[in-house]
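J.: Sequence first, predicted model second:
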Amino acid sequence: MSSSMFRKKSRANVRSHRAQWFAKAGTPQLTRCPNPACGAVKPRQVVCPECGQYRGRQVLRPRNRG
Ligand SMILES: [Zn+2]
């Protein structure tokens, strides 16, 4: 019956959904490295490039300073 109206609504919905998705995917949340000895700012869910730790685990070899 009012299919055109529904379409409009759903279209707007998709748009907002997409915007949210893009916002989520496009702007990684920055967080501070949990390693107290490091404290580098890095995107979430990414191994810290400075100390090589991720969620308290040593994943990569730490970067040598100097
Ligand atoms: Zn770190």
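T.: Nice, thanks for sending it over. What you are looking at is a predicted structure, and each value in this text was computed from that prediction instead of being measured. Numbering: from 1, shown residues only.

J.: from here on, contacts and neighbour counts on C-alpha atoms
T.: Fine.

J.: Now this structure against the ion: closest residue?
T.: Cys51 (4.1 Å; Cα to the ion).

J.: residues contacting that residue?
T.: By Cα atoms under 8 Å, 6 or more residues apart in numbering, the contact list for Cys51 reads 35, 38, 60-63.

J.: from these, which would you call buried?
T.: If you count burial by 16 or more other Cα atoms under 10 Å, the buried members of the contacts of Cys51 come out as Asn35.

J.: Please list which of the contacts of Cys51 also come close to the ion.
T.: By Cα under 5 Å from the ion, the members of these lying near the ion are Cys38.

J.: now, which of the contacts of Cys51 sits nearest Val47?
T.: Here the nearest of the contacts of Cys51 to Val47, counting by Cα to Cα, is Leu60; it sits at 7.6 Å.

J.: List the contacts of the nearest residue to that closest one once chain neighbours are set aside.
T.: Setting aside the residues directly before and after it, Leu60 is nearest to Gly52 in space (Cα to Cα, 6 or more residues apart in numbering), at 4.3 Å. By Cα under 8 Å, 6+ apart, the residues touching Gly52 are 58-63.

J.: Right, I'll leave it there.
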